[in-house]
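Trainee: Below are the sequence and a predicted model for it; my questions follow.
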Amino acid sequence: MDVGYLLRILNRRKWLILAAMLTAAAATYFFIGQKPERYKASVIVSTGIVNYQGINADNSDVVKQQYQVENAFSNLIEFSQSRSTLKLLTIAMLRHDLLGEGSIASKPFRTPNNNLSDFTDEEKNTLLDTIVKIDLDSLSGASFNKELDYLLDKIARAYGYDHDAIWSCLQVDRRAGTDYLTIEIVTENPALSQYMANEYAARFLICYQNLAVKEKKKKVEFFSELSVRKKTTLDSITDLRYSYLRSRSLPSGGRQGGDLITQLSDFENARDQAESRRDAAITSLRKLDDFVDRRGSRDATETKNRIVDKSDTEEYFEKVRQLTQKSLAAGGKDPEIEAELAEAKQQLEESVRSSARNLGKQKDKSDPKRTQEDIRKERASYNLDRTEAENTISQIDAKIATLKSRLGGIVVNDEYSTNLLNAETRAQEEFNAINDQLMAATLDLSKSDNPLSIAENAQLPEQAEPNRQVLLSGLAALVAGTLTTILLFLLAYMDGSLQSPELFKRYTGNLPLLGSVNSVPVQGLDLNRIFSTNGEMPKFNLFRESLRKIRSLILKDQGSHIFLIVSTKNKEGKTFTMHALAHSLAANNKHVLMLDTNFKTPLPETYTDRATGNSALLNEIMRENSLVKVFQLKTPLGTAKRQKVDIIGNHGLQKSPSEVLDPNTFTRFLNDLRAHYDYIFLESAALNDYSDAQELLPFVDKVIAVFNAHSVVSPQDKISIQYLQSLGEKFAGAILTDVDARNMN
């Protein structure tokens with residue numbers, strides 16, 4: 001699709017686009033002006049999401065934390081706008097308005113609209129009795145039976161508090177980059193907006209808290225019930241045991257047994273302390289023995305080292321003495337003796353140094369004065385402590401045995417009583433364990449603070465929200481203009497007709513084009529006057545000049561005089577184009593004859609056989625060639641007696657030209673006519689439907705194809721176009737008719 005062509009379409013349809021824009025703007029301005037004023041109230045809620053999120057010092061989890069924060073805010077916003085949360089607000093608002101009916105102190109915000117939902121007084125009273133009993137502070141979600149839900153939705157719809165109505169006036173968003181949520185309510189009443197916003201925020205926070213601690217509450221309730229059951233079991237076992245003892249006049253231990261048990265416990269603790277002292281003394285004795293053993297081993301090692309060093313020194317000294325004597329005997333001239341003497345002296349010196357180091361070592365500085373006497377005193381002290389601890393243990397064991405003996409005389413040695421006592425002990429332990437878990441769950445519940453809090457309550461709106469009447473009207477105009485433009489583009493894109501010369505070349509595969517002829521009103525059109533006028537008919541200037549351009553191309557081809565006018569299908573404008581082109585040539589002082597060889601569609605009844613100036617000549621030529629039964633003279637009604645273009649029509653035979661015309665006779669007939677006319681135009685039936693054009697082709701010099709600008713090239717048309725292209729030089733070109741004057745250039 002040519003961009004220039006599309007732009008020309010927009011230019012031609014600019015008033016349509018402008019009208020659509022003005023209509024949309026005016027309608028939007030009017031409808032927005034009719035809407036009631038709206039008031040917005042806002043509540044700011046602190047979520048605690050950002051404050052509780054930590055980031056590592058190396059920023060290794062920044063992306064993860066950002067995702068968690070955004071996900072937490074998304075979940076919170078979805079929960080705040082859930083159906084169950086909004087239903088809590090519905091109940092609160094209905095309770096306010098239903099209770100306020102007939103009251104002066106608390107007037108209802110809205111009255112029911114029975115056109116939206118009709119209900120009876122009985123249904124309203126039933127709902128009011130039900131919702132008054134609902135404790136909104138304890139709900140974690142609004143899920144009721146089907147009957148109540150149906151009745152609630154029915155009446156809420158009449159008051160404008162149903163889910164859809166609240167959803168449309170509620171907006172919950174995160175304040176960018178902060179820890180806060182903004183809750184906005186927009187209604188027709190400023191007081192209603194403020195009340196709904198604050199009530200919704202309160203219901204939302206309580207519902208969120210109840211949902212957050214729901215599992216913890218269940219845990220506390222579970223352990224509370226279990227604790228009661230365990231306490232009942234424990235009390236029943238205790239009562240049963242005491243009843244059994246009383247029935248047999250047996251002691252139950254009482255205060256005396258308790259004192260003995262306390263004394264027994266004290267002695268057992270003292271025994272444990274004595275055992276600890278005894279074990280400590282034994283451990284100290286072991287450490288002291290280890291020290292004595294390590295010290296003796298060390299002294300023995302040092303003595304051994306000194307003896308070895310002394311023996312080595314004496315051996316090296318004797319060796320030096322002997323080698324010195326040999327050296328003196330040799331006069332110091334024997335190299336081997338001198339080398340051995342030097343080596344022996346060095347070994348002697350190293351041995352002396354080693355002995356000096358061992359002799360100079362000091363004893364362990366940690367216990368320089370710890371003598372054998374000291375060690376014996378320490379050992380005696382530890383033995384004394386051990387003996388004392390063992391004696392204490394013996395004495396305590398004797399006292400414990402005595403107490404156990406006394407306690408055994410008090411406690412009933414009875415199997416049934418013992419079983420009851422064991423069962424009581426187990427029940428007491430189970431009760432204590434459950435009670436501990438209950439206390440832990442209760443403490444956990446008490447620490448569950450609501451992370452959500454109201455940072456700023458809704459205030460009474462002082463001004464209505466701007467309706468943006470002008471802005472929305474402008475946007476509506478822009479949208480309407482855009483849609484209209486797109487629609488025009490789509491219509492132009494989907495329009496496959498040959499509307500312009502550019503589109504004709506594209507859709508016909510660059511078929512040679514002689515020219516284009518714009519559309520003109522055909523009714524009462526006088527072609528003779530159009531081409532003979534001297535500027536009196538300016539509206540036909542383009543039509544006239546278009547034909548003159550085509551005429552120039554025909555006149556330029558001096559060797560072609562007989563033309564066949566064809567079209568791919570019917571009603572393309574062949575006859576009109578042939579008449580217009582013939583009159584254009586006639587205006588150039590050319591003698592032109594139109595021969596109607598379209599036997600399938602002869603000239604209409606508006607053409608008669610009235611005689612003209614050349615009637616006698618033409619009738620004689622038809623008689624000489626025996627074609628009177630095929631052709632006859634035709635003259636348009638209303639034309640002057642002396643016309644410039646002669647017309648020979650046919651009688652309308654449903655046969656092809658080869659079946660009607662003898663080739664030799666028809667050739668002679670055309671030659672006779674050619675002697676009197678400069679140009680002869682033949683017309684044939686449509687190429688798509690008939691073979692007339694192919695049969696008339698041998699008798700003509702050139703073929704001219706006529707296409708209508710409003711036609712669409714079909715697959716069958718493409719076959720006919722390929723045939724025209726195959727004619728080569730015999731195809732003069734095509735003429736595009738009925739073209740919109742605005743598409744001519």
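Mentor: Thanks, I have it. What you are looking at is a predicted structure, and each value in this text was computed from that prediction instead of being measured. Numbers count the residues shown, from 1 in each chain.
Trainee: Strands of the stretch 301-450 of the chain, start to end?
Mentor: Under the criterion DSSP state E, counting those that start in this stretch, the stretch 301-450 of the chain carries no strands.
Trainee: How about the stretch 101-250 of the chain?
Mentor: Using DSSP E, counting those that start in this stretch, strands in the stretch 101-250 of the chain cover 170-174, 180-187.
Trainee: can you list the domain ranges for this structure.
Mentor: Following automatic domain parsing, the chain resolves into domains at 36-213, 254-360+372-411, 501-743.
Trainee: okay, those domains, which one's buried deepest?
Mentor: domain 501-743 (a mean of 18; mean count of other Cβ atoms under 10 Å). Quick note: C-beta positions are derived from backbone N, CA and C, even for glycine.
Trainee: distance between the ends of stretch 109-118?
Mentor: 19 Å (Cα to Cα, to the nearest Å).
Trainee: again with stretch 534-550
Mentor: 20 Å.
Trainee: and it, average pLDDT?
Mentor: Here stretch 534-550 scores 85 as its mean pLDDT.
Trainee: what's it in contact with?
Mentor: With Cβ atoms under 8 Å, 6 or more residues apart in numbering as the test, stretch 534-550 has contacts from 514-518, 520, 529-531, 533, 580-581, 584, 735, 741, 744.
Trainee: from the residues you listed, which single one is nearest residue 709?
Mentor: residue 516 (7.8 Å; Cβ to Cβ).
Trainee: could you dump the domains of the chain to CSV with distance to residue 445?
Mentor: Formatted as CSV, these follow (distance: least, Cβ to Cβ, whole Å):
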stretch, distance to residue 445
domain 36-213, 6
domain 254-360+372-411, 38
domain 501-743, 80
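Trainee: Figure out which of those is closest to residue 495.
Mentor: domain 501-743 (8.2 Å).
Trainee: picking that back up, how about the domains of the chain, which one is nearest residue 465?
Mentor: Closest approach to residue 465 among those (Cβ to Cβ): domain 36-213, 4.7 Å.
Trainee: Next, the distance between the ends of the closest one.
Mentor: Counting by Cα to Cα, you get 43 Å between the two ends of domain 36-213.
Trainee: hmm, back to that, of all the domains of the chain, which lies closest to residue 460?
Mentor: Of all the domains of the chain, domain 36-213 comes closest under Cβ to Cβ, at 5.0 Å.
Trainee: if you average pLDDT over each of the domains of the chain, which comes out lowest?
Mentor: Looking at those, the weakest mean confidence is domain 254-360+372-411, a mean of 74.
Trainee: Please identify which of the strands of the stretch 101-250 of the chain is closest to residue 204.
Mentor: Of all the strands of the stretch 101-250 of the chain, it is strand 180-187 that lies closest to residue 204, at 7.5 Å by Cβ to Cβ.
Trainee: okay, the angle between the closest one and strand 170-174?
Mentor: If you take axes from the mean of the first three to the mean of the last three Cα atoms, to 10 degrees, strand 180-187 sits at 160 degrees to strand 170-174.
Trainee: distance between stretch 565-576 and the chain's centre?
Mentor: 58 Å (Cα atoms, centre = their mean, to the nearest Å).
Trainee: What's the end-to-end length of that stretch?
Mentor: 11 Å.
Trainee: Can you pull out the residues in contact with it?
Mentor: 522, 577-578, 598, 601, 603, 681-684, 686-689, 693, 703-708, 711, 716-717, 720-721, 724, 737-738.
Trainee: Which members of the residues you listed occur in helices, if any?
Mentor: 577-578, 693, 716-717, 720-721, 724 (DSSP state H).
Trainee: Of these, which is the nearest to residue 420?
Mentor: For those, the nearest to residue 420 is residue 716 (111.4 Å; Cβ to Cβ).
Trainee: what's the nearest residue to the closest one if we skip its chain neighbours?
Mentor: Beyond its immediate neighbours in the sequence, the residue positioned closest to residue 716 (Cβ to Cβ, 6 or more residues apart in numbering) is residue 688, lying 4.8 Å away.
Trainee: Same check on residue 282?
Mentor: Distance criterion Cβ to Cβ, 6+ apart; nearest residue to residue 282, sequence neighbours excluded, is residue 386 at 6.0 Å.
Trainee: and that neighbour, what is it in contact with?
Mentor: So residue 386 contacts 278, 281-282, 285 (Cβ under 8 Å, 6+ apart).
Trainee: which one of these sits closest to residue 589?
Mentor: residue 282 (154.1 Å).
Trainee: Angles on the backbone of the closest one, please.
Mentor: Dihedral angles of residue 282 (phi, psi; degrees, to the nearest 10) stand at phi -60, psi -40.
Trainee: Tell me how far it lies from residue 272.
Mentor: 16 Å (Cβ to Cβ, to the nearest Å).
Trainee: just residue 101 next, same as before
Mentor: Using Cβ to Cβ, residue 101 is found at 80 Å from residue 272.
Trainee: Also residue 8?
Mentor: Look at residue 8 and residue 272: by Cβ to Cβ, they are 113 Å apart.
Trainee: what do you get for residue 432?
Mentor: Counting by Cβ to Cβ, the gap from residue 432 to residue 272 is 25 Å.
Trainee: cool, and residue 95?
Mentor: For residue 95, the distance to residue 272 equals 70 Å [Cβ to Cβ].
Trainee: So which residues of the stretch 551-700 of the chain form helices?
Mentor: Taking DSSP state H, counting those that start in this stretch, the helices of the stretch 551-700 of the chain run over residues 574-586, 615-624, 657-660, 663-674, 692-696.
Trainee: could those helices be laid out in JSON lines, adding distance to residue 108?
Mentor: Shown next, in JSON lines, are the helices of the stretch 551-700 of the chain (distance: least, Cβ to Cβ, whole Å):
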{"stretch": "helix 574-586", "distance to residue 108": "79"}
{"stretch": "helix 615-624", "distance to residue 108": "100"}
{"stretch": "helix 657-660", "distance to residue 108": "93"}
{"stretch": "helix 663-674", "distance to residue 108": "100"}
{"stretch": "helix 692-696", "distance to residue 108": "87"}
